[in-house]
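Engineer: next come a sequence and a model predicted from it.
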Amino acid sequence: MEFVIVSFKEDRTVLADGEELGQTNETLNIGAGHHIFSLSNPQNYQPLSVTVNIQGTTSLAPFIVKFQ
């Protein structure tokens, strides 16, 4: 199990590979590997998606995905 935090200025539902994963600004669990992250509507954020390979994370050192 890997750990990720998707940061954004407001609370928003996080989508990983098109499926709901959790909320922004919280530590989320995800399987290792390549994933495409985006946020729920409205699409008032940049970039519209982020593709990353998540591996080697811990709950104390999660991967950070940033949206603006």
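Structural biologist: Received it, and whenever you're ready, just let me know what you need. Source: prediction; values computed, not measured. Numbering: from 1, shown residues only.
Engineer: right, and residue 20 touches residue 12 too?
Structural biologist: No. The criterion here is C-beta atoms under 8 Å, and residue 20 misses it with residue 12 at 10.9 Å. Using the backbone N, CA and C atoms, a C-beta is placed for each residue, glycine as well.
Engineer: now list whatever residues contact both of the two.
Structural biologist: Shared contacts of residue 20 and residue 12 (C-beta atoms under 8 Å, 6 or more residues apart in numbering): residue 40.
Engineer: between these two, point out the one with more neighbours.
Structural biologist: The neighbour count for residue 20 versus residue 12, taken as other C-beta atoms under 10 Å, is higher for residue 12 (19 against 10).
Engineer: the more buried one and residue 24, how far apart?
Structural biologist: Distance of residue 12 to residue 24, given as C-beta to C-beta, to the nearest Å: 5 Å.
Engineer: quick one: contacts for residue 2?
Structural biologist: 29-32, 54-57, 63.
Engineer: let's go with 10 Å and repeat that
Structural biologist: Counting by C-beta atoms under 10 Å, 6 or more residues apart in numbering, residue 2 touches 28-33, 35, 53-59, 62-63.
Engineer: number of residues surrounding residue 3?
Structural biologist: For residue 3, using other C-beta under 10 Å, the count is 16.
Engineer: could you check the pLDDT of it?
Structural biologist: Among the per-residue scores, residue 3 holds a pLDDT of 98.
Engineer: so which helix or strand takes in it?
Structural biologist: Assigned by DSSP states H and E, residue 3 belongs to strand 2-7.
Engineer: now the helix or strand following that strand, how far from the centre of its chain.
Structural biologist: Going down the chain from strand 2-7, the next helix or strand is strand 13-16, by DSSP H and E. Remark: strand 13-16 is offset 6 Å from the chain centroid, using C-alpha atoms, centre = their mean, to the nearest Å.
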